[in-house]
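In: predicted model and sequence below, questions to follow.
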Amino acid sequence: MAGALALTVAVAAPPAAAQEQIGIPLGETPPAAVVEDLDGNSVDLAQWVGKRPVLVEFWATWCPLCAALEPRLRQVAERHGAELEVLIVAVGVNQSPRSVRRHLDRHGLPGRVLWDGRGAAVRAFQTPSTSYVVALDSAGRVVYTGLGEDQDLDAAARKALRR
């Protein structure tokens, strides 16, 4: 519950520029985390983390910074989607799988959308807020973390792909 409160409070803060050291430390591999798809089926993030490069955004339907970041996320998915798994983790704060589904029906999002109703991924990635992005290389090591709408997600993707 404290993590959910931290996410809610942090989102009210002014947008922060991308930062190299926020949340999970660079070079670390996040611990295992099981979330759900929007149908309630368990999904282990280990099927991607440590297997291929991954870009993860912690997202919410009500997050204005997430909405502002969406064009950059789309661009990354279009440019690098064949080589990079784009995961959008919907946090379980003031939304439900049903509200996420409604949002996706109207707006769509690039990448695979997952539900973190119990906060497993939030804890594993030490997520400080929504609009938090983590890029991991194919070995599962964190190569980028950032927060806010002004992140260079293409550069983060290139780090994950080692370009």
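Out: Good, I have the coordinates. Numbers count the residues shown, from 1 in each chain.
In: quick one: pLDDT of Ile22?
Out: What the model reports as pLDDT for Ile22 is 86.
In: now do Ala13
Out: You'll see Ala13 listed with a pLDDT of 40.
In: Arg163 now?
Out: For Arg163, pLDDT reads 72.
In: number of nearby residues for it?
Out: When neighbours are defined as other CB atoms under 10 Å, Arg163 has 9 of them. Bear in mind the C-beta positions are built from the backbone N, C-alpha and C, glycine included.
In: cool, and Arg79?
Out: Neighbour count of Arg79, defined by other CB under 10 Å: 14.
In: which residues sit in contact with it?
Out: Listed by CB atoms under 8 Å, 6 or more residues apart in numbering, the contact set of Arg79 reads 154, 157.
In: what helix or strand does it sit in?
Out: Taking DSSP states H and E as the definition, one finds Arg79 inside helix 64-80.
In: in that helix, what's buried?
Out: Residues of helix 64-80 classed as buried: 65-66, 69-70, 72-74, 76-77, 80 (neighbour count, 16 or more other CB atoms under 10 Å).
In: how far out from the middle of the chain is that helix?
Out: What separates the centre of helix 64-80 from the centre of its chain is 11 Å, taken as CA atoms, centre = their mean, to the nearest Å.
In: and the next helix or strand past that helix?
Out: Per DSSP H and E, the first helix or strand lying C-terminal to helix 64-80 is strand 85-91.
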